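**Student:** Any chance you could fold what I've pasted below:
(chains A and B)
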Amino acid sequence: MVCWCRENVRTMPSALLLTTLLLLGFSPAQAATREEIKSVAEELVCLCGNCSRESLATCVCTDFAVPEREAIGSALDQGQTRQQVIDGYIARFGSMGLASPPSEGFNLLAWIAPGAALLFGIALVRTLLVNWKGRDNDEVAQARSARADRSQYQDRLRRELDQFDDDDK
Amino acid sequence: MIDIGYFALCLALLASGYGVIASAVGARRRQLGLVRSGENAVLATCALLTIAVVALWQALLFHDFQVEYVAENSNRSMPLFYLVTALWGGQNGSLLFWGWILSLYSASVVALYRQRYRELMPYVVATLAFTSFFFCIVHLFAADPFQQLSFTPPDGRGLNPILQHPVMAIHPPLLYLGMVGMVVPFAFAIAALLSGKLDTTWLRASRRWTLIPWTFLGFGLLLGGKWAYVELGWGGYWAWDPVENSSLMPWLVATAFLHSIMIQERKGMLKVWNLALAILTYELCIFGTFMTRSGIISSVHAFAQSNIGPFFATFLIFSLVFSFGLLWLRLPLLKADNRLESFASRETAFLLNNWVLLGMLFAVFWGTVFPLVSEAFTGEQITVGAPFFNQVNIPIGLVLLLLTGAGPLFAWRRTSNESLRKNFTTPVTAGLIFVGILFALGLRDLYALLSFGLCAFVTIALGTEFHHGTRARMRSTSENYPMALYRLCAKSRRRYGGYLTHLALVLLFVGFTGKAFTQEFEFVLEKGTSRQVGNYQLSFESLAFAEASNHSTTAAALGLHRDGEFLGTLLPERRYYPAFDQGTTEVSIYSTLREDFYVILVGSAADHSAKFKVYINPLINFVWLGSIVFVLGALWAMWPTPRDRRLARVDRASAVGLLVPRKRPHHA
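**Tutor:** Predicted coordinates:
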């Protein structure tokens, strides 16, 4: 979930080590707002290799996500559109950089299947309900007698107990 | 001690294998002696696995680094507490822990049901013992926790630093207790199918055995969210990571199961469906374990890749084919006993609930495995991340929320138009008014409006249920309001405990919806300066560095003010663990019920400037509040009632006949 990016700092004393990491891209006066950067970065995942492709918007690894977010900011400043920035990222790192499957070609299936399953499910529920409602008493009696010989004593006792102390309305 | 542990594992393999055979043969031949012997084998397996676990704990506590697992997952500088939790910190140990919990569940079932459910128990025992047998094979042949090195290293590597957190001591055991526990309802389902005793007996036995792991799993998931939130430093608690998904999936099915069994108990309908749900829950637990540990899907939780994948895949396929094959063979015996009287009934509401939960299950499952499917067909690697899951699951989740409130407003069998109107008017009006107020206040996010409106609807709907019940009780008794409310809830524990978990869902949704209003800031501060962050003023007071035995720390001290009032000092840290070449963020949170002010120290520079990331997370604490209410509701619902005790007495009395060894006609 989070980026445990390698900080190239192993051999240096810790005060120094962090020095090198950050100052690149500390340009506070960006024209692109943080919401704009965030909304682009949310479409992408971090590919530092140490996190499990966390959202580029939230990852705090200093050798990948932070500079990439700043790169998004400067690309937007240069007048690139959202889509151009995203396409640029994909061109550099491959399609796995996208946070969700592109809705085209084979990957369209990712988006269609859940909806199709829900439709199928509701159709099934409807059929079942209609069937149940349409059953006549003969069928019901038949089904009941099929298991009538089983544990009659227990069933009757349980029913009586149920009536005596109804637990669920 | 290590040799004793290994030897105990070998004996456990034999004992569980014997348990399967003895129980199965005993059940077929109706030989009580064999059946009892099979039960004793389950108890013995539990004792032997306990010895193995104690042996591994002993090796961890006494730093026996010749044992590979101990060398990999602990070191001399670790405090006692984390040495104990290191048992489940790595692959092989956590699998042993799995197997041990399984044996504890199995032994509890055996010990509790010596005189109950006698027609089912031999098959239950055989199923439980078979699962234990499989895990013993894994322990011995694929993931040996007692594997020894050819030399003894002077010190071990230690536990992964992100796991060194108090919540990590409870979160994995809770999830395991949840995932493993689902084996019990599965065993009862298989027993019902094998014995042909397909009435509601297996359901009665399973309900509590599902509620217990369901509660563990749900609480474990939420606790995992809490851990991610405070430890992983990305401002959120749920990332739709494959491993999170793999524990969510069985929970969704178990939730569907807990609802649909009520239809069978009352109406004798959905028999096939309930069996299928019990089987599916268990298979998803095995699938989740397989996915987490085989490394087929990349995830932050994934253990090191190992050769246990094929073992789990084989077991998964075998158990799927066996269980569903058996179900198919028994289909003729599973006809519904009743007819539906009206579409406007609790039965319909439960069916819709099952539809929504299974729909969500499919969406989560599909998203989790889609990268594999896509790669197989197109050869291209893609990511299915949080945006996909959110987009698909938020609408489904809102329908679920609607049903949470609407379901209880329907009566069993049929609900007249008049009572529908009566039951729905107040909650719907409340929901609409609430949406209107929020809209007037400037809220325009569609999902947030819907979610808050539904939360109001559900709260009023359930509140009315409690209120009406209490008033009715006050009329028939002389109790005052609080006493009548308590007695009402105590008398129908299942019902009101259930409603309480529904209210927990409302709290969770309030928290989830807060996510839509998260504010995010990323900025550099010079030491001694301050800046406005949302409604707060943040001043960067100092920066400190420290070296500890196994990590170095950079910490910033920040003063937090709002409207000139000092709220507190925040101390976000960044740590680096050389042994793991891993950095961790220790976030600092100023928390109120309204919102969290969440600070991450991203990094610092030599001139004492530092970069921070801040999240202002509104309503997030409702998620944790919801978790607590969830557990309370579930505990309330599962607490034994006098009726349960009466039923147990009846069962024991009527089981005497079955305990005497004799030939009985076999029900096909």
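
**Student:** Toward the C-terminus, what is the element adjacent to the helix or strand containing residue B:635?
**Tutor:** For residue B:635, the host element (DSSP states H and E) is helix B:621-638. Later in the chain than helix B:621-638, the nearest helix or strand by DSSP H and E is helix B:642-659.

**Student:** can that following helix be found next to chain A?
**Tutor:** Yes. Remark: helix B:642-659 sits within contact range of chain A at B:642, B:643, B:646, B:647, B:650, B:651, B:654, by CB under 8 Å from any CB of the partner chain. Heads up, the C-betas are built off the backbone N, CA and C, glycines and all.

**Student:** which of those are buried?
**Tutor:** Neighbour-count burial (16 or more other CB atoms under 10 Å in any protein chain shown) is assigned, among those, to B:643, B:647, B:650, B:651, B:654.

**Student:** and the least confident of those residues?
**Tutor:** The lowest pLDDT within these belongs to residue B:654, with 72.

**Student:** For the helix holding residue B:635, name the packing helices and strands.
**Tutor:** Taking 3 or more CB pairs under 8 Å, 6 or more residues apart in numbering or on different chains; DSSP states H and E as contact, the helices and strands that helix B:621-638 lies on are helix B:201-227, helix B:493-514.

**Student:** Those: which one's closest to chain A?
**Tutor:** The minimum distance between chain A and the helices and strands packed on helix B:621-638 falls on helix B:493-514, with 5.0 Å, by CB to the nearest CB.

**Student:** could you give me the average pLDDT of that closest one?
**Tutor:** Averaged across helix B:493-514, pLDDT comes to 95.

**Student:** the inter-axis angle of that helix versus helix B:621-638?
**Tutor:** Relative orientation of helix B:493-514 versus helix B:621-638 (axes from the mean of the first three to the mean of the last three CA atoms, to 10 degrees): 170 degrees.

**Student:** The helix of greatest length in chain A and chain B, are they touching?
**Tutor:** Criterion DSSP state H: the longest helix present in chain A is helix A:108-134. Yes. Looking at helix A:108-134 against chain B by CB under 8 Å from any CB, the contacts come from A:109-111, A:113-114, A:117-118, A:121-122, A:124-125, A:128-129, A:132-134.

**Student:** Quickly list the domain ranges of chain A.
**Tutor:** With domains defined by automatic domain parsing, chain A comprises A:14-97, A:105-164.

**Student:** What about residue 71, how many residues nearby?
**Tutor:** All of this refers to chain A. Neighbour count for residue A:71, taken as other CB atoms under 10 Å in any protein chain shown: 16.

**Student:** wrong chain, I was asking about chain B
**Tutor:** Using other CB under 10 Å, residue B:71 has 23 neighbouring residues.

**Student:** Close to chain A: what parts of the stretch 1-150 of chain B are there?
**Tutor:** Counting by CB under 8 Å from any CB, the stretch 1-150 of chain B sits next to chain A at residue B:119.

**Student:** Low-confidence bits of the stretch 1-150 of chain B, can you list those?
**Tutor:** For the stretch 1-150 of chain B, applying pLDDT under 70 flags no range at all.

**Student:** Phi, psi for whatever residue of it ends up closest to chain A please.
**Tutor:** Residue of the stretch 1-150 of chain B nearest chain A, by CB to the nearest CB: residue B:119 (7.9 Å). Dihedral angles of residue B:119 (phi, psi; degrees, to the nearest 10) stand at phi -70, psi -30.

**Student:** which other helices and strands contact the host helix or strand of residue B:123?
**Tutor:** If you go by DSSP H and E, residue B:123 is part of helix B:121-141. Packing partners of helix B:121-141 (3+ CB pairs under 8 Å, 6+ apart): helix B:2-29, helix B:32-61, helix B:91-112, helix B:183-195, helix B:309-329.

**Student:** Out of these, which is the most enclosed?
**Tutor:** With neighbours taken as mean count of other CB atoms under 10 Å in any protein chain shown, those reach their highest mean count in helix B:183-195, at a mean of 27.

**Student:** hmm, that helix in reach of chain A?
**Tutor:** No. Contact of helix B:183-195 with chain A (CB under 8 Å from any CB) is absent, the minimum separation being 10.2 Å.

**Student:** of the helices and strands packed on helix B:121-141, which approaches residue B:335 most closely?
**Tutor:** helix B:309-329 (13.9 Å; CB to CB).

**Student:** What are the contacting residues of the closest one?
**Tutor:** The contact list for helix B:309-329 (CB atoms under 8 Å, 6 or more residues apart in numbering or on different chains) reads B:134, B:137-138, B:141-142, B:186, B:189-190, B:193-194, B:272, B:275-276, B:279, B:282-283, B:286-287, B:289-290, B:293-296.

**Student:** Buried residues, the helix or strand that it is followed by. List them.
**Tutor:** Next helix or strand after helix B:309-329 toward the C-terminus (DSSP H and E): helix B:346-378. Neighbour-count burial for helix B:346-378 flags B:346-371, B:373-374 (criterion: 16+ other CB under 10 Å).

**Student:** circling back: among the helices and strands packed on helix B:121-141, which comes closest to residue B:448?
**Tutor:** That would be helix B:183-195 among the helices and strands packed on helix B:121-141, by CB to CB, at 37.0 Å.

**Student:** So residue B:576 lies in a strand, does it not?
**Tutor:** Yes. Assessed with DSSP: H, G, I helix; E, B strand; the rest coil, residue B:576 lies in a strand.

**Student:** Would you agree it is in contact with residue B:583?
**Tutor:** Yes. Using CB atoms under 8 Å, residue B:576 makes contact with residue B:583 at a distance of 5.0 Å.

**Student:** and the two? which has more neighbours close in?
**Tutor:** Applying other CB under 10 Å to residue B:576 and residue B:583 shows that residue B:583 carries more neighbours, namely 27 against 20.

**Student:** Return the backbone torsion pair for that one.
**Tutor:** Torsion angles at residue B:583 (phi, psi; degrees, to the nearest 10) stand at phi -100, psi 150.

**Student:** measure it to chain A for me?
**Tutor:** 5 Å (CB to the nearest CB, to the nearest Å).
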